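[1] Predicted model follows, preceded by the sequence.
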Amino acid sequence: MTKNDQTALIEIESVSKFFGSFQALKSVSLNVTKGERVVVCGPSGSGKSTLIRCINQLEQHEEGDITVDGITHDGAAKSLNAIRQKVGMVFQQFNLFPHLSVLDNLTLGPVRARGMSKADAEKLAMQYLERVRIPEQSDKFPRQLSGGQQQRVAIARSLCMEPQIMLFDEPTSALDPEMINEVLDVMTELASSGMTMIVVTHEMGFARRVADTMVFMDHGEIVEVAPPEKFFKQPDSARCQDFLQKILHH
Amino acid sequence: MFKKLFPLLLLVPLSGCAGGNWGWYVVDPTTTSGYNNVWFLLTGLYYTVLLSVTAIVISIVIGLLVALPGLSTNKYLRGFNRVYVEFVRAVPILVLILWVYYGLPQLAGIAIGVFWAGVIALALSDSAFEAEIFRAGIQSIDKGQYEASHSISLNYYDTMRFVILPQAIRRILPALGNQLVYMLKMSSLVSVIGMQELTRKANELVVTEYRPLEIYTILVLEYLVLILIVSAGVRWLERRMQTDERN
Ligand SMILES: Nc1ncnc2c1ncn2[C@@H]1O[C@H](COP(=O)(O)OP(=O)(O)OP(=O)(O)O)[C@@H](O)[C@H]1O
Ligand SMILES: [Mg+2]
């Protein structure tokens, strides 16, 4: 474990990930400090999802080290569980539990993984449902909600674990355009509360408003890391310029 | 279904009256001996149902325990699943009943009653099919459900118990219902070791009354009614699940 940066909450060091013989991550390194908001973008297949999924080990990397709040992934169940307790994740497809009510979706983790009582967990769940602005939907089932509402429930479900870090993998890509903003608003509010966030998204307006650091990936590599002012005005690499051209002027 | 079959059922006794070869008096409930005979046949229902239900419950538990290693990434666990399923499926049920009743007590050095021998044999035999049903049902659940469970730190047991199995069981319920129908029919084989269920009762009555045609016809009708009731129950459950999913 390196201690050169006292405030680094996530340290990703020379991480490589292979799917069979295909290398999805090529010796990727990135540090994220406490409270930092990182937005990751890049073309399809560049390894954005793979990178953030390695942080909570939904994918296992073959080379390099990932350290979260001082705990390094070493393949043991203990460190894995400790890290997953600290890291929340929101998926493109929401992945809510369809057979459980909204409230039960939210309380399952706190009751089973954090050992909370049902009553305390419900209080906590209602608190976070207020925060994502849908407390009145607590008794409904996921399929009875709109896409935007479902994604907000998914965010609340993660927050109920009271994580230190939130990972978002294209949280608005599966939504109808008119629902994108309600989810981005919740995320913006979360960012202003000081949550450490890594967000994979192509919503560049959101990125400009919220990001401390922009990361551009291509072909399994991190090509550019810069604050948004520099990133959007004068990125160093030609590949990043190309990409921004395409998504900002379509 | 009932409406279509009903005229057919009426034909059976009518044809008997017309032909003159039938002797329905053996099961004529208006006479004392006929009434006693009908009652004797119907009492077999108790063990047929008890045997089948006990066996299916046990076979579902074994089936689940065999299905889970089959879904593992560990190839030895998957191997165990394959060997169990292939091996158990290869043994005829009747052979398994004989082996458990006459063979197992010698091997284990304990006496096994007729009922439990029947339950063990039926449950083992069916467990291979249950294992395959569970495996397919669990595999049909989206992998995003596992990922969401992992992301909120649920362990394997909680993920299965609270997230995956409740969804999988809804999907395989019709298949489980079919296995119960199958089990009710296969339980007739346990008559060979003396279990007093429907088929055995009929066999015994035939020996004393010499009226196989009428008695076995009643036996057919007993199974038919039993299974039509179970099938209707399964379809009702299925419909309820579907409306559940829709709203
Ligand atoms: N489970 C897997 N098996 C094999 N290859 C995979 C797997 N997951 C990802 N890949 C490959 O790894 C590469 C990176 O995938 P990844 O999902 O990280 O890309 P991405 O940047 O998130 O793309 P997108 O914008 O389309 O989501 C892709 O070429 C993809 O085909
Ligand atoms: Mg992706």
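    Nice, thanks for sending it over. Numbers count the residues shown, from 1 in each chain, chains lettered A, B, ... in the order given. Ligands and ions are numbered 1, 2, ... in the order given.
[2] How many neighbouring residues does residue 234 have?
    Here I'm looking at chain A. By other C-beta atoms under 10 Å in any protein chain shown, the residues close to A:Q234 number 9. For the C-beta atoms, the positions are set from N, CA and C on the backbone; glycine is no exception.
[3] wrong one, I was asking about chain B
    Neighbours around B:V234, by other C-beta under 10 Å: 18.
[4] Please report the confidence value the model assigns to it.
    Predicted confidence (pLDDT) for B:V234: 87.
[5] Show the residue spans covered by the helices in the chain.
    Picked chain A for this. If DSSP state H is used as the criterion, the helices of chain A fall at A:48-55, A:77-86, A:102-113, A:118-131, A:147-159, A:177-192, A:204-210, A:228-233, A:238-248.
[6] Chain B was what I was after
    Assigned by DSSP H, chain B shows helices spanning B:2-19, B:32-42, B:44-70, B:75-90, B:93-98, B:104-108, B:114-139, B:143-151, B:156-158, B:165-186, B:198-209, B:212-246.
[7] which other helices and strands contact the fifth one?
    Helix B:93-98 is packed against helix B:114-139, with contacts defined by 3 or more C-beta pairs under 8 Å, 6 or more residues apart in numbering or on different chains; DSSP states H and E.
[8] who does the helix it packs on touch, helix- and strand-wise?
    Here helix B:114-139 touches helix B:44-70, helix B:75-90, helix B:93-98, helix B:165-186, going by 3+ C-beta pairs under 8 Å, 6+ apart.
[9] In this model A:L175 seems to touch A:G147, though I could be wrong.
    Yes. Counting by C-beta atoms under 8 Å, A:G147 does reach A:L175; the two are 4.8 Å apart.
[10] These two - which one has more neighbours?
    It is A:L175, of A:G147 and A:L175, that has more neighbours when counted by other C-beta under 10 Å, with 21 against 17.
[11] can you list the residues of chain A near chain B?
    A:56, A:58, A:81, A:84-85, A:87-89, A:91, A:93, A:95-99, A:108-109, A:112-114, A:143-144, A:154, A:157-158, A:160-161 (C-beta under 8 Å from any C-beta of the partner chain).
[12] low-scoring stretches of chain A, by residue?
    Filtered on pLDDT under 70, chain A yields the residue ranges A:1-6, A:250.
[13] center of it, which residue is that?
    A:L167 (1.4 Å; C-alpha atoms, centre = their mean).
[14] Next, the contact list for the residue most central in space within chain B, please.
    Centroid check for chain B by C-alpha atoms, centre = their mean gives B:M183 as the closest residue, at 1.8 Å. The contact partners of B:M183, by C-beta atoms under 8 Å, 6 or more residues apart in numbering or on different chains, come to B:S52, B:A55, B:I56, B:S59, B:L122, B:D126.
[15] which of these are buried?
    If you count burial by 16 or more other C-beta atoms under 10 Å in any protein chain shown, the buried members of those come out as B:S52, B:A55, B:I56, B:S59, B:L122, B:D126.
[16] What's the separation between A:S49 and chain B?
    Note on A:S49: its distance to chain B, by C-beta to the nearest C-beta, to the nearest Å, is 11 Å.
[17] Name the stretch among the helices of chain A that sits most buried.
    Across the helices of chain A, averaging neighbours per residue (mean count of other C-beta atoms under 10 Å in any protein chain shown) puts helix A:147-159 on top, at a mean of 25.
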